[in-house]
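In: Here is my input; please provide its structure:
(chains A and B, ligands or ions: 2)
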Amino acid sequence: MDTTLIVGACQAGVQLASVMRDLGDTDSIILIGEEAHRPYQRPPLSKGWLKSELTPDDVILRSREWFAGRGIELISGDRVVTVHRDPDGSGTATTLGGRVIRFTRLALTTGASVRRLTVAGTDYRGVHYLRDADDALTLEPALREPDVDHVVVIGGGFIGLETAAVARQLGKSVTVLEAGPRLVGRVVAEETSAFYLAAHRRRGTEVVLDARITRIVGDDASAAGQKGSVTGVELADGRIVPADLVVVGIGVVPRVELADQLGLEIDNGIVVDATCRASDGRTVAAGDCASMPNPYPLGLGGRVRLESVNNALEQAKIAAATLLGRPEPYVSVPWFWSDQADLKLQIAGLSTGYDEVVVRGEPDSEKFGVLYYRDGRLIAADMVNRPAEFMAVRHALMKGHTIPPDAAADVDVPLKQSVIDPAALAA
Amino acid sequence: MTITDPMTASADAANQEQTVSRVVYTADDGTVTEIDGRPGDSIMETAVRNGVPGIIGECGGSLSCATCHVFVAAETLALVGTPGDLEDEMLDGTAVEREENSRLSCQIKLQSGCRYHVTTPSEQI
Ligand SMILES: Cc1cc2nc3c(=O)[nH]c(=O)nc-3n(C[C@H](O)[C@H](O)[C@H](O)COP(=O)(O)OP(=O)(O)OC[C@H]3O[C@@H](n4cnc5c(N)ncnc54)[C@H](O)[C@@H]3O)c2cc1C
Ligand code: FES
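Out: Ligands and ions are numbered 1, 2, ... in the order given. Model (predicted):
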């Protein structure tokens, strides 16, 4: 009998266990997660949760009965600290809580942890990060404290902007400090970045680009042994942006400690092949911790580590099949969403290697899209408040279809009607 | 190590004050699954948390994925109201074409002590 050990009990880990059962595996599955919570979804943490619209029960992924019914042993609140394999391929993991777990199959779905800001002063009270439920459980009430007027968000990526939007909706004065020349610069084209800059400014948020942060400043400790509270963020030009609360959202780093112990190849994440197999040919990895040669787009994509629910779910499916000796190819069209104030962004595809963009509609109307092309073929789109068109693009991409650039620019023709099959054209 | 876990503050405790609702899911192939749902949870959440096939709910109910499409049975229609604007737009892009009784099940919150019947489409992606 096999025992599958899955380390990391979030989107990827739960999906991996679930798919193994779907594929007929009846052997033992142990899913272990360090967080003292039932497996839950992170996206709401910077959205509905921060808006106090959700209770903890609203974000859990599966019921207790589901784990029991599917024969998946869930261990929460314990961390795997060492792992090693014997020459026969089986192995042993030990945990902080003293457990010793023998396994024959191993999956690493260890995700990522927040990148820490390295300037002085991050230990003042009132400096927050947002990755885990525990972070959100602290941040949500902190944002509502009566003496919190000025909120500074460090990092203009999706999580930072979502958090800024919530703080602004709560009536705080909000400043976003972004180190790069534009918002969400890692993921979207300049057109989309420019839109978000204007949209957040329209809503009264101050955005500083190219911000160089030198330190976080705070007041003196009020009582012995108690750290003082944050009062501001100092920039390289000497300016101090006042802050009663700071949220740092400057990205994440993949958790590769265990992969490292196993001697697996690591390069911005655990290096896996197209079937989610790591360099030892046995261990699988999926989700935020894994760097996979993604065939998307057009079979030309390269090695990439994606941070999204869709990616965690798709890779976990592949990893489960691989563990059971039935490897399957990755066929998904990656997608992502972000909700900021009343702006719904939905991204279909990956814009890797794009050489042309088409803007559909007027960005200032806050209902528009940016479509990405490579060698004349549609490969991705950012859609703002255009859900039906997002769906049209996603379906087109899934079928390998395209939308000619001039048709994409024509808002008078529904996008759905302009979808064509390039293969049929060539024939 | 002490674990205080507000996240495991059990759904079961909350359920005791309100009467559970019953959701009947009929899959495209006719398979029927019946689940007791907590009032306030959506039909999507009730399905996903209990492993009911035919509903994916990739975006967790944030109206971003349309992988929670269902057809609402005639006897349930009166309970669930009509789709909002955003939901209506997303329904235009479901994997299986929408029909009169189509809804995104993440937008249908269970009331206390009711019986719901939905049919799931053959595809969600
Ligand atoms: C605030 C926020 C908002 C987001 N919004 C969106 C969104 O709108 N859309 C979207 O698609 N994505 C969003 N994401 C990203 C998405 O949540 C992640 O891509 C997804 O959670 C990745 O899942 P995962 O299972 O790979 O990793 P993780 O979610 O990071 O889970 C890994 C788990 O493994 C555990 N672990 C690690 N090492 C060990 C160990 N040694 N022993 C035991 N346990 C261990 C960790 O504690 C963690 O619980 C958001 C993320 C955050 C933080
Ligand atoms: S769960 Fe994504 S739209 Fe309903």
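
In: Stretch A:323-333 close to ligand 1?
Out: No: judged by Cβ under 6 Å from any ligand atom, stretch A:323-333 and ligand 1 are separated, with a smallest distance of 12.6 Å. For glycine as for every other residue, the C-beta is placed from the backbone atoms N, C-alpha and C.

In: Endpoints of that stretch, how far apart?
Out: 23 Å (Cα to Cα, to the nearest Å).

In: The closest residue to A:S279 other than its chain neighbours and A:A93: what is the separation?
Out: Take A:S279 and drop its neighbours on the chain: the residue closest to it by Cβ to Cβ, 6 or more residues apart in numbering or on different chains is A:E265, 3.8 Å away. Relative to A:A93, A:E265 is positioned 20 Å away (Cβ to Cβ, to the nearest Å).

In: Compare those two and say which is more crowded by neighbours.
Out: The neighbour comparison of A:E265 against A:A93 (other Cβ atoms under 10 Å in any protein chain shown) goes to A:A93, with 21 against 12.

In: Could you pull up the contacting residues of the more buried one?
Out: Shown in contact with A:A93 (Cβ atoms under 8 Å, 6 or more residues apart in numbering or on different chains): A:L5, A:V7, A:V80, A:T82, A:V83, A:V100, A:I101, A:F103, A:L106.

In: Filter those down to the buried ones.
Out: The neighbour count (16 or more other Cβ atoms under 10 Å in any protein chain shown) marks A:L5, A:V7, A:V80, A:V83, A:I101, A:F103, A:L106 as buried among those.

In: And the pLDDT for B:M1?
Out: pLDDT for B:M1: 30.

In: Could you do B:I108 as well?
Out: So B:I108 comes in at 97 (pLDDT).

In: Tell me where the longest helix sits in chain A.
Out: Assignment by DSSP state H gives helix A:309-323 as the longest helix of chain A.

In: what about the helix or strand just after that helix, distance to the chain center?
Out: Downstream of helix A:309-323, the first helix or strand assigned by DSSP states H and E is strand A:335-340. On the basis of Cα atoms, centre = their mean, to the nearest Å, strand A:335-340 sits 10 Å off its chain's mean C-alpha point.

In: Could you do stretch A:381-400 as well?
Out: With Cα atoms, centre = their mean, you get 20 Å for stretch A:381-400.

In: which non-adjacent residue is nearest B:T120?
Out: B:G54 (3.1 Å).

In: scratch that, A:I347 is what I was asking about
Out: A:I347's closest residue in space is A:F336 (Cβ to Cβ, 6+ apart), at 4.5 Å.

In: now A:D244
Out: Among residues not flanking A:D244 along the chain, A:V148 sits closest, at 4.4 Å (Cβ to Cβ, 6+ apart).

In: For that neighbour, the count of nearby residues, please.
Out: A count of nearby residues for A:V148, using other Cβ under 10 Å, gives 16.

In: Quick check: bridge partners of B:T33?
Out: Bridge pairing for B:T33 (DSSP bridges) gives the partners B:Y25.

In: so it touches B:A27, yeah?
Out: Yes: if you go by Cβ atoms under 8 Å, B:T33 and B:A27 touch, sitting 7.4 Å apart.

In: what sits in contact with each of these two?
Out: B:P53.

In: Give me the mean pLDDT for stretch A:273-290.
Out: For stretch A:273-290, mean pLDDT is 97.

In: Kindly report the same for stretch A:406-423.
Out: 94.

In: Pull up the distance across it, start to finish.
Out: Termini of stretch A:406-423 sit 19 Å apart (Cα to Cα).

In: For stretch A:329-343, give the mean pLDDT please.
Out: Mean pLDDT, stretch A:329-343: 95.

In: near ligand 2, which residues of chain B show up?
Out: Residues of chain B lying near ligand 2 (Cβ under 6 Å from any ligand atom): B:44, B:57-59, B:61, B:63-68, B:104, B:106.

In: can you map out the strands along chain B?
Out: For chain B, applying DSSP state E gives strands covering B:21-26, B:32-37, B:69-72, B:102-104, B:115-119.

In: Let me have those in TSV, extended by distance to A:D123, mean neighbour count and mean pLDDT.
Out: Output for the strands of chain B, formatted as TSV (distance: least, Cβ to Cβ, whole Å; neighbours: other Cβ atoms under 10 Å in any protein chain shown; pLDDT from 0 to 100):
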stretch	distance to A:D123	mean neighbour count	mean pLDDT
strand B:21-26	48	20	97
strand B:32-37	44	16	96
strand B:69-72	48	25	98
strand B:102-104	44	24	98
strand B:115-119	50	19	97
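
In: In chain B, what residue comes closest to chain A?
Out: B:G93 (2.1 Å; Cβ to the nearest Cβ).

In: ok, and the nearest residue to that residue once chain neighbours are set aside, which helix or strand is that part of?
Out: Of all residues beyond its chain neighbours, the one nearest B:G93 is A:M391 (2.1 Å), with distances taken as Cβ to Cβ, 6+ apart. A:M391 belongs to helix A:387-398 when assigned by DSSP H and E.

In: Run the chain-centre distance for whichever helix or strand comes after that helix.
Out: Note on helix A:387-398: by DSSP H and E, the next helix or strand toward the C-terminus is helix A:405-409. On the basis of Cα atoms, centre = their mean, helix A:405-409 is displaced by 30 Å from the centre of the chain it belongs to.

In: Any stretches of the chain with poor pLDDT?
Out: Since no chain was named, I'll use chain A. Counting by pLDDT under 70, chain A shows low-confidence ranges at A:222-225, A:427.

In: nope, chain B
Out: For chain B, applying pLDDT under 70 flags the ranges B:1-17.

In: With adjacent residues omitted, what lies nearest to the most centrally placed residue in it?
Out: By Cα atoms, centre = their mean, the mean C-alpha position of chain B lies nearest to B:I43, the distance being 1.7 Å. Nearest residue to B:I43, sequence neighbours excluded (Cβ to Cβ, 6+ apart): B:S105, at 3.9 Å.

In: before we move on, back to that, show the contacting residues for the residue of chain B closest to chain A.
Out: By Cβ under 8 Å, 6+ apart, the contact list for B:G93 reads A:P387, A:A388, A:F390, A:M391, A:A392, A:R394, A:H395, B:A66.

In: And whichever strand or helix holds A:R21, what's buried?
Out: Assigned by DSSP H and E, A:R21 belongs to helix A:11-22. Residues of helix A:11-22 classed as buried under the neighbour-count rule (16+ other Cβ under 10 Å) are A:Q11, A:A12, A:G13, A:V14, A:Q15, A:L16, A:A17, A:S18, A:V19, A:M20, A:R21.
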